[in-house]
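> Sequence plus the predicted model coming up.
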Amino acid sequence: MARVAVQAAAFEVGTEIAALTAGRADIGGIGCFVGTVRATAGGRPIVAMTLEHYPGMTERALAAIGAEAERRWTLLGCTLIHRVGRLVPGEGIVLVLAAAAHREAALAATSFLIDWLKTSAPFWKKESFADGSDAWVAARAEDDQAAARWG
Amino acid sequence: MARVAVQAAAFEVGTEIAALTAGRADIGGIGCFVGTVRATAGGRPIVAMTLEHYPGMTERALAAIGAEAERRWTLLGCTLIHRVGRLVPGEGIVLVLAAAAHREAALAATSFLIDWLKTSAPFWKKESFADGSDAWVAARAEDDQAAARWG
Amino acid sequence: MITVEKPLRLLYFAWLRERLGRAEERVPLPPGVADVAGLRAWLQGRGDGFAAAFAPGMPVRCAVNQDFAGPSTPLRPGDEVAFFPPVTGG
Amino acid sequence: MITVEKPLRLLYFAWLRERLGRAEERVPLPPGVADVAGLRAWLQGRGDGFAAAFAPGMPVRCAVNQDFAGPSTPLRPGDEVAFFPPVTGG
């Protein structure tokens, strides 16, 4: 079963990989994606990104996404961590890990997990600009298309 | 330009991600793949895997693979580390990192890099079994097919 | 005997929360409202920020009891109903 | 005046190295050998482990001066020519 976490604290990729693989030697490949805060949005410098979520539903949605990946691929482990609250440019927002016997499943599941997370987990981003203004991030049509390709 | 390394020592994923992203805030996503030694091969327990390579050509091949990924996608950083020598089950063999403004390029480049590395970098694996025998690993047709899909 | 129905628990997130000036409220299931589409229409009829936020064509999504819901998802007393913009996590 | 040609540097990896009992050797470019296919045929003619290792159909790959090479890749004195099984890294 996937490990899911919604947290304000930073995550550490090496620590999470170690936890995922601890005590097992049947894993041949680990796919990983880390999403980070960029310093600009639409060409304008940002000073922070604030993530809001829907407590309760978020954890359910992440667990459901992990379960769906485990239904589609033979995974030997799966981790989904998403941060909430105020983050600054360069910080990690989201971590996806998928472990399998071979790389094909690990990498496909990693792509699937982040695509689905982008469109079916209740998080919302607000960008705070250097000029003091802020704005909610609009959903990207590309994200819907990316999720749709998994059928 | 890609950072490439061929080394006997273990790598640390968190350290490598930190080095790749240090001092820059234009990265939105980092794709990562870690290949690890499984404890069995063809159902038989192994005690070690020994990696041989072609010094000189290996580094050239890894640099060429990194350059090809940078030609195909707009990457903001790329790391290829491959270990050589004797490894035991559970240890990391290979690390691929690809950073980009958005996840699509980061994840596609990560898959491309490991697929190409599998078929065009001069490494050879030998498995040492629990019964004292050892055998060179045969190339997988699936690996050629995976590399071929990138055209 | 008088039956007291449990109210709906309404939740608002992101710009909906900001424009409506509230994160949460409890309202009795309005008479005649049977599904999400009906509730949206009722909320739009409240005027002020609600009329604009729930106007047809506004990109507002819904979850009922923490599952994504469509216009025809049925509502019952006591349901938790959340309205929010399209999600932008990851 | 006698011109002394630089020899080929031949390298063997993995099971080829083991079966041939050597990782490296230097041999003059054999007379009449102009490309990788010619060198393979010449090596096969050496007998012993070489005949088996370089028999037609054996999965042996080649690199010339550290680039993957095909049967028709030309050879010149001084070239570094490596023979090895299909790669299995990653």
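Good, I have the coordinates. Numbering: from 1, shown residues only, chains lettered A, B, ... in the order given.
> In chain C, which residue sits closest to chain A?
Per C-beta to the nearest C-beta, C:G89 is where chain C lies closest to chain A, at 2.6 Å. For the C-beta atoms, the positions are set from N, CA and C on the backbone; glycine is no exception.
> Any idea how many residues pack against that residue?
Neighbours of C:G89 under the rule other C-beta atoms under 10 Å in any protein chain shown: 27.
> dump the residue contacts of it.
Going by C-beta atoms under 8 Å, 6 or more residues apart in numbering or on different chains, C:G89 touches A:51, A:53, A:82, A:93-94, A:117-118, A:121-125.
> Could you check how far it is from chain B?
12 Å (C-beta to the nearest C-beta, to the nearest Å).
> Need the outlier residue of chain A, farthest from its centre.
Ranked by distance from the centre of chain A (C-alpha atoms, centre = their mean), the top residue is A:D131, with 28.7 Å.
> Ignoring the adjacent residues along the chain, who's closest to it?
Spatially, and ignoring its direct neighbours in sequence, A:D131 is nearest to A:R44 (7.8 Å; C-beta to C-beta, 6 or more residues apart in numbering or on different chains).
> so what's that neighbour bridging to?
A:R44 forms beta bridges with A:A41, as assigned by DSSP bridges.
> didn't it look like it was pressed against A:D134?
No - proximity of A:R44 to A:D134 does not meet the contact threshold set by C-beta atoms under 8 Å, at 11.1 Å.
> Can you classify the spatially most central residue of chain A by secondary structure?
Residue closest to the average C-alpha location in chain A (C-alpha atoms, centre = their mean): A:V94, at 3.7 Å. Here A:V94 is strand, with the state taken from DSSP: H, G, I helix; E, B strand; the rest coil.
> so how far is C:S72 from it?
Per C-beta to C-beta, to the nearest Å, A:V94 is found 32 Å from C:S72.
> tell me the secondary structure for the residue of chain C closest to chain A?
Following three-state DSSP, we place C:G89 in the coil state.
> Quick check: it vs chain D, distance?
32 Å.
> And chain A, is the longest helix anywhere in chain C touching that?
Longest helix in chain C, counting residues (DSSP state H): helix C:36-44. No - on the criterion C-beta under 8 Å from any C-beta of the partner chain, helix C:36-44 is out of touch with chain A, staying 15.3 Å away.
> Which strands and helices lie in contact with that helix?
Here helix C:36-44 touches helix C:48-53, strand C:61-64, strand C:80-84, going by 3 or more C-beta pairs under 8 Å, 6 or more residues apart in numbering or on different chains; DSSP states H and E.
> Quick check: residues of chain A near chain D?
A:R103.
> Next to chain D, which bits of chain C? Give me the list.
Close to chain D, as judged by C-beta under 8 Å from any C-beta, chain C has no residues.
> Show me what from chain C comes close to chain B.
So chain C meets chain B at C:G90 (C-beta under 8 Å from any C-beta).
> residues in contact with the residue of chain C found nearest chain D?
Using C-beta to the nearest C-beta, C:G90 is the residue of chain C that sits closest to chain D, at 27.9 Å. Residues in contact with C:G90, defined by C-beta under 8 Å, 6+ apart, are A:35, A:82, A:93-94, A:114, A:117-118, A:121, A:123, A:143, B:103.
> Kindly state the pLDDT recorded for the nearest residue to it once chain neighbours are set aside?
Closest residue to C:G90 apart from its sequence neighbours, by C-beta to C-beta, 6+ apart: A:K118 at 3.9 Å. Looking at A:K118, its pLDDT is 96.
> What of C:I2?
pLDDT for C:I2: 67.
> again with A:A141
89.
> From chain B, how far off is it?
Distance from A:A141 to chain B, counting by C-beta to the nearest C-beta: 13 Å.
> phi, psi of that residue?
phi -60, psi -30 (degrees, to the nearest 10).
> do the same with the one 3 residues further on
Summarising the backbone geometry of A:D144 under the convention degrees, to the nearest 10, its torsions are phi -60, psi -40.
> Chain neighbours aside, what residue packs nearest to it?
A:T119 (5.9 Å).
> wait, is the one you found part of a helix?
Yes - A:T119: assigned to a helix according to three-state DSSP.
> Quick check: it touching C:V87?
Yes - between A:T119 and C:V87 a contact is recorded at 6.6 Å, counting by C-beta under 8 Å.
> Between these two, which has more neighbouring residues?
The residue with more neighbours, out of A:T119 and C:V87, is C:V87; 25 against 20, by other C-beta under 10 Å.
> Single out the residue in chain A that lies closest to chain D.
Nearest residue of chain A to chain D (C-beta to the nearest C-beta) works out as A:R103 at 7.7 Å.
> backbone phi and psi for the nearest residue to that residue once chain neighbours are set aside, please?
Spatially, and ignoring its direct neighbours in sequence, A:R103 is nearest to A:G29 (3.8 Å; C-beta to C-beta, 6+ apart). Backbone torsions for A:G29, taken as degrees, to the nearest 10, come to phi -150, psi 140.
> interface residues of chain A facing chain C?
So chain A meets chain C at A:35, A:51-54, A:56-57, A:60, A:82, A:93-94, A:114, A:117-126, A:136-140, A:143 (C-beta under 8 Å from any C-beta).
> weakest of the helices and strands packed on helix C:36-44 in terms of mean pLDDT?
helix C:48-53 (a mean of 94).
> ok now that helix, how far from the chain's centre?
12 Å (C-alpha atoms, centre = their mean, to the nearest Å).
> Could you pull up the residues touching A:G14?
A:G14 neighbours (C-beta under 8 Å, 6+ apart): B:12-15.
> Quick check, the residue in chain A closest to chain C?
For chain A, C-beta to the nearest C-beta, closest residue to chain C: A:F123, 2.6 Å.
> Nearest residue to that residue in space, please, no chain neighbours.
C:G89 (2.6 Å).
> next one: A:V34
Per C-beta to C-beta, 6+ apart, closest to A:V34 is B:I30, 4.4 Å.
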